[in-house]
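Engineer: fold the following and give me the result.
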Amino acid sequence: MKIKYIYIILLAFINLSCEDVVDVDVPTSEPRLVIDASIKWFKGTSGNEQLIKLTLTAPFFNYNVPPANGAQVYITDDNNNTYDFIEEDNTGIYKNFNFNPVINSEYTLTIIYNNETYTGTETFLPVAELEYVEQNLEGGFTGEDTEIKAFFTDPADEENFYFFEFIPSIPVTPTLDTFKDEFVNGNLIFGFYVEEDLNPGNQVIIRNYGVSEQFYEFMFILLQQTSQGGGPFETQPATVRGNCINNTNPNNYPLGYFRLSEVSEIIYTIQN
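Structural biologist: Take a look at the predicted model:
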């Protein structure tokens, strides 16, 4: 009987202790500029309307991402043509409606924010056309997942790097992936996607981007870090830096990336 009483007392103590509020002192630092500059030219379109999103880093428990307002943003091509991006309603989203993409041309992004100048340079790269999609409704380890393969032909005799997006119509997180043609150069290859909650009638937006080797390595490391659950004794993720630099104050480096890609897109409906 005494053991039972002790057990009940311990349970009561645990329940009460769970109600205590623990204040976590998280170190903070000065906000850094975060650059989301992804210029996308979808095959078969003019590619004129483009946007660049600028935000600032925020403390860990701050759920609102502050926009970087009042910046001067423009892109210059290798013929010295300049495309100004104008901020929309203090949102930190800067738009240009007359961007004329030229494949394999080099572009430089310039951002002037808080009296500091940031730049990044990248080449506008093409991508192979997505040709067709195959599905398997009995995939995965359980045999109950939906698998999708989006096929395309990799150009021969050249090194290519790819970035995939799979965006389902159901409320799950989109899947991102990277791929290089190191061992399949010039062959028919595919991007692979698996999702257990996809059913006939659901749609998936499949996008394949042509990207540079530097962006491939950037996203490969970033996706590795974000996909690992980790644990208390795991090595902590390092800051993944993109291709933009602060010319005025190098120590105040920005986060994010400036890239330009041709995009091949298929909107696929899951079949019975």
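Engineer: double-check residue 170 against residue 204; I have them as touching.
Structural biologist: No: taking contacts as C-beta atoms under 8 Å, residue 170 lies outside contact range of residue 204: 9.2 Å. C-beta: built from backbone N, CA, C; applies to glycine.
Engineer: more neighbours: the two, which one.
Structural biologist: Neighbours per residue (other C-beta atoms under 10 Å) separate residue 170 from residue 204, with residue 204 holding more: 25 against 11.
Engineer: doesn't that one lie inside a strand?
Structural biologist: Yes: counting by DSSP: H, G, I helix; E, B strand; the rest coil, residue 204 is found in a strand.
Engineer: could you report the pLDDT at residue 241?
Structural biologist: pLDDT for residue 241: 88.
Engineer: ok so it is a strand residue?
Structural biologist: No: going by three-state DSSP, the assignment for residue 241 is coil, not a strand.
Engineer: which residues do residue 170 and residue 204 both contact?
Structural biologist: Taking C-beta atoms under 8 Å, 6 or more residues apart in numbering as the contact rule, residue 170 and residue 204 both touch 195, 198.
Engineer: may I have stretch 138-155 exported as CSV, CA atoms only?
Structural biologist: Only the C-alpha atoms of stretch 138-155 are listed here, as CSV (Å, rounded to 0.1, in the frame of the first residue of the first chain):
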residue,chain,number,x,y,z
GLU,A,138,1.9,0.9,-55.0
GLY,A,139,5.2,2.4,-54.3
GLY,A,140,7.3,3.1,-51.2
PHE,A,141,8.3,0.7,-48.5
THR,A,142,4.7,0.0,-47.6
GLY,A,143,3.5,-0.5,-51.2
GLU,A,144,0.8,2.1,-50.5
ASP,A,145,2.6,5.3,-51.5
THR,A,146,2.3,7.2,-54.8
GLU,A,147,5.5,7.4,-56.8
ILE,A,148,6.0,9.8,-59.7
LYS,A,149,8.9,9.9,-62.2
ALA,A,150,9.2,13.0,-64.5
PHE,A,151,11.4,12.1,-67.5
PHE,A,152,13.7,14.3,-69.6
THR,A,153,16.7,13.9,-71.8
ASP,A,154,19.9,15.3,-70.5
PRO,A,155,22.0,17.1,-73.2
